[in-house]
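> coords please:
(chains A and B)
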Amino acid sequence: MLLKRTHTCGELTKEHVGQAVALNGWVDAWRDFGGLVFIDLRDRYGVTQVVFEPEAGADLQAQARELRNEYVVGIRGTVAARLAGKENPKLKTGAVEVRAVELVVYNASPTPPFEINGPEPNEELRLKYRFLDLRRPDLQRVFILRHEVGQTMRRVLSEQGFLEVETPILGRSTPEGARDFLVPSRVHASHFYALPQSPQLYKQLLMVSGFDRYFQIARCFRDEDLRATRQPEFTQLDVEMSFVEDEDVMTAMEPLIAAMAKQFGGEELRLPLPRLDYHDAMERFGSDRPDLRYALELKDLADIAEQTEFRVFQMAKEAGHRIRGLCAPGGAEKYSRKDLDGLTEFAATFGAKGLVWLKVEAETFAGPTAKFFKPEVQAQLRERFDAKVGDLILIVADSQAVTSQALSNLRARLAAELKMYEPKTFHYSWVVRFPLLHWDAEENRYAAEHHPFTMPLAEDLHLLDTDPSKVRAQAYDLVINGEEGAGGTIRCHDPAIQSKIFALLGLSPEQAEEKFGFLLSALRNGAPPHGGVAFGYDRMVMLYAGLTNIRDCIAFPKTAKGTDLMTGAPGLVEPRQLKELHIRSS
RNA sequence: GGGGAUGUAGCUCAACUGGUUAGAGCACCGGCCUGUCACGCCGGAGGUUGCGGGUUCGAAUCCCGUCAUCCUCGCCA
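Below is the predicted model:
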């Protein structure tokens, strides 16, 4: 029999004293005193103490004595104020308790594989018993936040006239980008659907249809290796607008960003957000998504380095490499010789063959390579970094890519270890004017930096013919604390420019027509100028929940190898199923 | 595909350089207890040290292989 609840377990206060109530929930803890039995009853709203007193009868007490952790029960009783001095300030409901008069056990439970209110078990176990893991209040709070983030996105965009439209999950595979997840067609032998990497092309088609302002909270699929912040399926807030330039899209998104910052970050944002040129970001921070909660800027040191006798620097110059560095305030004291070996090893994982370190002292520099720096060269270095005694200068001599990667990662690590920022603050900025293309040496052709339908900056159009890698795009990323929170572009709605870009990407007109015919046809049939942006929904939730791991904000996530430890997916299927799909499996 | 970390009781962890019968807290089982809320007290059960080899008088500990989870490089327009 169901004892229908009149209240939740997080609801009862002094105001309810004397009322007859019914609660439903899980046994969070039990305390048996012989003559008196206490049960903490838990649901997603909180915990309420239930007491079984002798007055309720021996039968009921005996029944209560059988309860164990995680039994699901219904309880009927009367709300009573706790005895004076016996209140529990840790509970919202701690001023009262429910004196039980009836107990129904809906379901017993074996001893759970881990304690719901105990220490966090290892993740393998958590994922195997995810339905139990999700009972933990910490995780429940994340999903409440996730819901609220979605509500805010829908509300703010709807207020601005954006329409939510759904697009297909079963689509077709297109070249470029990530590896597709494929779904075989039963009706059409050897033909496959692809799950969308994003609703990119569909939302452009919606613009051609005249929908003007679109959004969707869309599931996306990419068959690539996972990371702490990457899952094979994840969720984007996908947005597209017509009759806009890049500034219009950023401006349109800022009220939403400000609403989220206020509601979930507790911060009143000043708009417009800062715009940072891609080129400047790479030069000053070595990254297209720098964490701007702290400065710690990179400096070019080529002119100073060439005054040294240091062979590594000379060779770098001959190879056309760059010599760049940064200066960590107070780093000399913080990092021992052994720590510095650790930093060198860390830099090596990003391809740096070495790391020059110099400890700034009153009169000179300390470090194994300090002897190569003559006093006047040291003076220039001090000046370049505005270095103080006790600072640590780190220098990498390598290619543009390696110096950027190694130093930007060192920058992030040093800032964290030297506590150069408040962990719980947020910094929002747009990084703009990304390159349109980059040279792919493996494929021996240009590849799209963002995607093949990105509009170049008007002032760079002439470079398409002469120096394509210099062409900048109408592309913009929202960077929050060193993470890409959102990214977008203005799309190419001009068939002539589009075919030039296809040619650079190594696509013949015939190939382009075959792969993207439906889009090209749409673009020829009255496509408005349009562009958009997509936010990482999971990432926003992670950020505001203070998580470092995307799995903790996805209800049923996959492991790093893409398996679901709870359901066993991916699993084998019946030979009959394969036969229907015209698939032979090895 | 490469690199790194971890794997010991149901859970969280311990066990110095290889050395007695692999321990503790929580959970679990039995008993006592009328005001607890990390209840307390008494007693108890619980181990293929991930798995498979090897070295050794002796392996949780050392070596090889393998599996799983996590982090990371490549990859991810």
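
> use CA for all of it now, contacts and neighbours both
Fine.

> what's near enough to touch the closest residue to RNA strand B within the stretch 201-350 of chain A?
Ranked by C-alpha to the nearest atom of the strand, the top residue of the stretch 201-350 of chain A for proximity to RNA strand B is A:Ala228, at 3.1 Å. Going by C-alpha atoms under 8 Å, 6 or more residues apart in numbering, A:Ala228 touches A:Thr548, A:Asn549, A:Ile550, A:Arg551.

> so which of the residues you listed are also by RNA strand B?
Subset of these in contact with RNA strand B: A:Asn549, counting by C-alpha under 7 Å from any atom of the strand.

> In chain A, what residue comes closest to RNA strand B?
Across chain A, no residue is closer to RNA strand B than A:His450, which sits at 2.4 Å (C-alpha to the nearest atom of the strand).

> The stretch 101-250 of chain A: strands as residue ranges?
A:163-164, A:182-184, A:192-194, A:213-221, A:233-242 (DSSP state E, counting those that start in this stretch).

> got it, and the stretch 301-450 of chain A?
According to DSSP E, counting those that start in this stretch, the strands that the stretch 301-450 of chain A contains are A:322-328, A:356-360, A:365-366, A:392-398, A:428-432, A:437-440, A:445-448.

> could I get those as JSON lines with distance to RNA strand B?
Listed next are the strands of the stretch 301-450 of chain A as JSON lines, based on distance: least, C-alpha to the nearest atom of the strand, whole Å:
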{"stretch": "strand A:322-328", "distance to RNA strand B": "18"}
{"stretch": "strand A:356-360", "distance to RNA strand B": "20"}
{"stretch": "strand A:365-366", "distance to RNA strand B": "29"}
{"stretch": "strand A:392-398", "distance to RNA strand B": "14"}
{"stretch": "strand A:428-432", "distance to RNA strand B": "14"}
{"stretch": "strand A:437-440", "distance to RNA strand B": "8"}
{"stretch": "strand A:445-448", "distance to RNA strand B": "5"}
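
> Can I get these in CSV including mean neighbour count?
Listed next are the strands of the stretch 301-450 of chain A as CSV, based on neighbours: other C-alpha atoms under 10 Å:
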stretch, mean neighbour count
strand A:322-328, 25
strand A:356-360, 23
strand A:365-366, 20
strand A:392-398, 24
strand A:428-432, 23
strand A:437-440, 18
strand A:445-448, 20
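
> need those strands in CSV with mean pLDDT, can you?
As requested, the strands of the stretch 301-450 of chain A are exported to CSV (pLDDT from 0 to 100):
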stretch, mean pLDDT
strand A:322-328, 94
strand A:356-360, 94
strand A:365-366, 94
strand A:392-398, 94
strand A:428-432, 96
strand A:437-440, 84
strand A:445-448, 86
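
> Could you give the number of residues near the closest residue to A:Ile169 other than its chain neighbours?
Take A:Ile169 and drop its neighbours on the chain: the residue closest to it by C-alpha to C-alpha, 6 or more residues apart in numbering is A:Leu195, 5.5 Å away. Around A:Leu195 there are 23 other residues, counting by other C-alpha atoms under 10 Å.

> Go ahead and confirm A:Leu195 touches A:Asp180.
Yes - counting by C-alpha atoms under 8 Å, A:Asp180 is a contact partner of A:Leu195 at 6.6 Å.

> So in chain A, which helix runs the longest?
Ranked by residue count under DSSP state H, the longest helix found in chain A is helix A:137-159.

> Give me the contact list for that helix.
By C-alpha under 8 Å, 6+ apart, the list of residues contacting helix A:137-159 from outside reads A:44, A:133-134, A:215, A:217, A:237, A:255-256, A:259-260, A:540-541, A:545, A:552-553, A:555.

> Tell me which two in those are the farthest apart.
Pairwise distances across the contacts of helix A:137-159 (C-alpha to C-alpha) peak at 35.4 Å, for the pair A:Asp133 and A:Pro255.

> Between the two, which is the more surrounded one?
Using other C-alpha under 10 Å as the criterion, A:Asp133 and A:Pro255 rank with A:Asp133 on top: 22 against 17.

> Settle this for me: that one is touching A:Ile116, isn't it.
Yes - using C-alpha under 8 Å, A:Asp133 is in contact with A:Ile116, at 7.1 Å.

> out of the strands of the stretch 301-450 of chain A, which comes closest to A:Gln49?
Using C-alpha to C-alpha, the nearest of these to A:Gln49 is strand A:428-432, at 44.0 Å.

> remind me which residues of chain A are low pLDDT?
Applying pLDDT under 70 to chain A flags the ranges A:586.

> tell me which residues in stretch A:51-64 are buried?
If you call a residue buried by 16 or more other C-alpha atoms under 10 Å, then stretch A:51-64 has these buried ones: A:Val51, A:Phe52, A:Glu53, A:Leu60, A:Gln61, A:Ala64.

> what does stretch A:545-560 give?
A:Ala545, A:Asn549, A:Ile550, A:Arg551, A:Asp552, A:Cys553, A:Ile554, A:Ala555, A:Phe556, A:Pro557, A:Lys558, A:Thr559.

> what's the answer for stretch A:291-305, then?
Within stretch A:291-305, the residues scored as buried using 16+ other C-alpha under 10 Å are A:291-294, A:296-302, A:304-305.

> Contacts only, for the nearest residue to A:Val244 once chain neighbours are set aside.
Once flanking residues are discounted, A:Val244 sits nearest to A:His530: 5.8 Å by C-alpha to C-alpha, 6+ apart. When contacts are counted by C-alpha under 8 Å, 6+ apart, A:His530 is found next to A:Gln204, A:Met207, A:Glu240, A:Met241, A:Ser242, A:Phe243, A:Val244, A:Glu245, A:Ile490, A:Arg491, A:Cys492, A:His493.

> 10 Å instead, please
Counting by C-alpha atoms under 10 Å, 6 or more residues apart in numbering, A:His530 makes contact with A:204, A:207-208, A:212-213, A:240-246, A:249, A:455, A:489-493.

> Just want the phi and psi numbers for it.
Note on A:His530: backbone dihedrals following degrees, to the nearest 10 are phi -160, psi 160.

> again, but for the one 3 residues further on
Note on A:Val533: its backbone torsions stand at phi -160, psi 160 [degrees, to the nearest 10].

> so it touches A:Gln474, yeah?
No - between A:Val533 and A:Gln474 there is no contact under C-alpha atoms under 10 Å: 11.5 Å.

> on contacts alone, who are the packing partners of the helix or strand that contains A:Ala496?
Secondary structure from DSSP states H and E places A:Ala496 in helix A:495-504. If you count contacts as 3 or more C-alpha pairs under 10 Å, 6 or more residues apart in numbering; DSSP states H and E, helix A:495-504 packs onto strand A:437-440, strand A:445-448, helix A:463-466, helix A:509-524.

> Just the CA atoms of that helix, as PDB, please.
Output for helix A:495-504, consisting of C-alpha atoms alone and laid out as PDB, is shown next (Å, rounded to 0.1, in the frame of the first residue of the first chain):
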ATOM      1  CA  PRO A 495      28.800  30.700 -53.600                       C
ATOM      2  CA  ALA A 496      31.900  32.300 -55.200                       C
ATOM      3  CA  ILE A 497      33.800  32.600 -51.900                       C
ATOM      4  CA  GLN A 498      32.600  29.200 -50.900                       C
ATOM      5  CA  SER A 499      34.000  27.500 -54.000                       C
ATOM      6  CA  LYS A 500      37.400  29.200 -53.500                       C
ATOM      7  CA  ILE A 501      37.500  27.800 -50.000                       C
ATOM      8  CA  PHE A 502      36.500  24.300 -51.200                       C
ATOM      9  CA  ALA A 503      39.300  24.500 -53.700                       C
ATOM     10  CA  LEU A 504      41.800  25.300 -51.000                       C
END
